[in-house]
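S.K.: predicted coordinates and the sequence they were generated for:
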Amino acid sequence: MKPNKIGFYAVVILIFTVLGFLRFRPWSQRSSKIPRSVIHEGPNSNAERMLTVVYLPVTCHLTCPVTDFASKTTQSRTNFNSRVFTDFPTVASALQAKQIQATFMIVPLAMKLREQGVPVKICYLGHRDGSQIVVAKNNPARTLRDLKGKKIAIPSLYSNQNLVLHKLMDDQEMKSGDISFIVLPPPDMQTSLASGAIDGYFVGEPFCAKAEMDGIG
């Protein structure tokens with residue numbers, strides 16, 4: 001083989017060697033000292049760490065299960081595990097017990113936990129608000145005054161919904177005891193309304209639209 005051809009092939013081999021080296025980017029590889037306990041061995045074998053985040057089955061928390069799916073079907077270094085809970089009090093207990101690393105949570109409850117000494121912080125705003133008041137289909141109520149003496153369900157005493165209702169009641173010169181507030185998990189609100197256990201509820205979607213679609217509220 002002629003010297004010029006040998007030189008040509010040597011250059012080609014060198015180029016492919018360099019490209020192969022760059023493809024694996026050894027300078028960006030994680031340290032081998034990563035604790036074995038945080039290396040995920042699930043569907044995404046490339047994930048080096050795992051983050052468990054809790055959410056409630058409401059539309060404004062859909063980011064959570066969607067990110068869960070995306071992290072397990074792409075080459076993400078973090079495996080995002082979502083866990084669905086049905087009520088905020090259980091979420092707060094799990095967070096205090098350090099059973100979870102993060103959670104979607106209503107801001108007033110997060111503020112209350114912080115007041116109690118729980119080291120929590122807000123790192124992502126899911127939404128500003130997206131709740132509606134639902135009453136039974138045969139209930140003629142059109143204002144809060146029409147709900148005087150009624151039972152209205154809310155997801156938590158430390159919820160946006162509770163604060164908003166009391167602000168509206170104050171604006172309409174109603175007393176705090178004019179409406180009875182019942183704390184219920186959002187998934188239970190529609191069935192409670194259908195059974196007559198409550199007269200209405202204030203919560204996020206999809207439980208409001210579902211009551212309307214099912215002919216209940």
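M.R.: In hand now; what should we look at?
S.K.: tell me how many other residues crowd Lys98.
M.R.: Neighbour count for Lys98, taken as other Cβ atoms under 10 Å: 8. Any C-beta I mention is one placed from the backbone N, CA and C, and that applies to glycine too.
S.K.: please apply the same query to the one 10 residues further on.
M.R.: Counted with other Cβ under 10 Å, the neighbours of Pro108 add up to 16.
S.K.: spit out the contact partners of it.
M.R.: By Cβ atoms under 8 Å, 6 or more residues apart in numbering, the residues touching Pro108 are Ser156, Tyr158, Ser159, Asn160, Asn162, Leu163.
S.K.: just name the closest of those residues to Lys148, please.
M.R.: Minimum separation from Lys148 among the contacts of Pro108 (Cβ to Cβ) is found for Asn162, which lies at 17.2 Å.
S.K.: for that closest one, pull up the helix or strand it's in.
M.R.: For Asn162, the element it lies in under DSSP states H and E is helix 160-171.
S.K.: which residues are in contact with stretch 194-206?
M.R.: Among residues not part of stretch 194-206, those counted as contacts by Cβ under 8 Å, 6+ apart are 58-60, 130-136, 139, 141, 147, 150-155, 161, 164-165, 182, 184, 186, 189, 192-193, 207, 216-217.
S.K.: go again with 6 Å.
M.R.: Contacts of stretch 194-206 with the rest of the structure, by Cβ atoms under 6 Å, 6 or more residues apart in numbering, involve 58-60, 130-131, 133-135, 150-155, 161, 182, 186, 189, 192, 216.
S.K.: and stretch 57-71, by the same measure?
M.R.: With Cβ under 6 Å, 6+ apart as the contact definition, stretch 57-71 has outside contacts at 53, 55, 79-80, 82, 84, 104, 126-127, 130, 204-206.
S.K.: okay if I get those residues as CSV plus pLDDT and secondary structure?
M.R.: As requested, those are arranged in CSV below (pLDDT from 0 to 100; DSSP: H, G, I helix; E, B strand; the rest coil):
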residue, pLDDT, secondary structure
Val53, 84, strand
Tyr55, 84, strand
Asn79, 75, strand
Phe80, 78, strand
Ser82, 83, strand
Val84, 85, strand
Phe104, 85, coil
Gly126, 68, coil
His127, 68, coil
Gly130, 72, coil
Gly204, 83, strand
Glu205, 82, coil
Pro206, 84, coil
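S.K.: the domain parsing of this structure - what is it?
M.R.: Per the record's domain assignment (automatic domain parsing), the chain is made up of the domains 36-115, 131-213.
S.K.: how far does the last one stretch from start to finish?
M.R.: Meaning domain 131-213. Taking Cα to Cα, to the nearest Å, the span from the opening residue of domain 131-213 to its closing residue is 16 Å.
S.K.: how distant is that domain from the center of its chain?
M.R.: If you compare the mean C-alpha spot of domain 131-213 with that of the full chain, they lie 22 Å apart, counting by Cα atoms, centre = their mean, to the nearest Å.
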